[in-house]
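Enquirer: got a sequence here, can you model it:
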Amino acid sequence: MEFLRQLPNEQWKYEFFIDWTLFHSDIAMKAAYNFLEDAYFFFRFDENKNIILQITLKPNSRKTIENVIGDLSDEILSVYLRNKLEIDNKDIREKIVWAAIANSIDKKWFVALNTDKKEENTMIDFDRDIDEILKEIENDPDLKIDEEEIARILKEIEEETGKFETSKPQITLNPNAIKDVKAKFQDR
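Expert: Here you go, the predicted model:
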């Protein structure tokens with residue numbers, strides 16, 4: 001069986017045979033994607049479901065067809081090995097990421113949002129209310145309140161609003177979280 005052959009009467013077209021038992025079609029497509037500047041790629045399957053990759057060199061390519069085919073075969077192997085490592089190490093990567101996330105969350109300030117339930121806004125916008133009260137006082141000609149009374153009222157409002165103020169949550173990130181997780185895994 002030929003693994004590479006030039007198509008008859010076609011100077012720039014080659015067929016590249018890829019055994020499906022070794023390399024899945026996704027691997028071949030990912031590898032070919034890296035050479036789209038140099039060649040056109042057409043995929044088909046033979047009767048045994050093996051991949052037949054037809055390659056035509058683009059006119060503006062700086063590479064020869066032999067270089068594209070050689071680089072493509074190297075890239076197929078590289079993509080296959082990266083894919084295999086990704087699959088083999090999936091559980092370890094997930095555990096490291098989850099441990100890093102779990103250790104870096106500041107649980108004291110962690111906030112959960114319920115987006116399914118709409119709650120009414122029960123908070124009072126005191127700054128808006130103070131402005132409205134001041135406008136009413138200023139615009140009411142019948143209201144006889146002296147400056148001391150206004151100062152006393154404003155002080156009461158500020159004291160009451162101070163009771164409702166809450167500190168805003170602070171988000172902290174631990175840049176060494178991944179190192180800490182790695183150290184924990186090494187200690188096991």
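Enquirer: need the strands for this structure, in chain order.
Expert: Ranges of strands in the chain, per DSSP state E, are 4-6, 13-18, 39-45, 51-57.
Enquirer: next, the angle strand 51-57 makes with the third one.
Expert: If you take axes from the mean of the first three to the mean of the last three Cα atoms, to 10 degrees, strand 39-45 sits at 160 degrees to strand 51-57.
Enquirer: okay, now the sheet partners of strand 39-45, with direction.
Expert: strand 51-57 (antiparallel) (DSSP bridges).
Enquirer: give the buried residues for the strand it pairs with.
Expert: Judged by neighbour count (16 or more other Cβ atoms under 10 Å), strand 51-57 contains these buried residues: Ile51, Leu53, Gln54, Ile55, Thr56, Leu57. All C-beta spots, glycine's among them, are computed from the backbone N, C-alpha and C.
Enquirer: okay, those in JSON lines with pLDDT next?
Expert: Output for the buried residues of strand 51-57, formatted as JSON lines (pLDDT from 0 to 100):
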{"residue": "Ile51", "pLDDT": "88"}
{"residue": "Leu53", "pLDDT": "86"}
{"residue": "Gln54", "pLDDT": "87"}
{"residue": "Ile55", "pLDDT": "89"}
{"residue": "Thr56", "pLDDT": "88"}
{"residue": "Leu57", "pLDDT": "88"}
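Enquirer: of these, closest to Ala177?
Expert: Using Cβ to Cβ, Ile51 comes nearest to Ala177 of the buried residues of strand 51-57, at 42.7 Å.
Enquirer: dump the residue contacts of the residue nearest to that closest one when sequence neighbours are not counted.
Expert: Leaving out its chain neighbours, the residue that sits closest to Ile51 by Cβ to Cβ, 6 or more residues apart in numbering is Ile18, at 4.0 Å. Contact analysis of Ile18 by Cβ atoms under 8 Å, 6 or more residues apart in numbering lists Ala28, Asn50, Ile51, Ile52, Leu53, Ile76.
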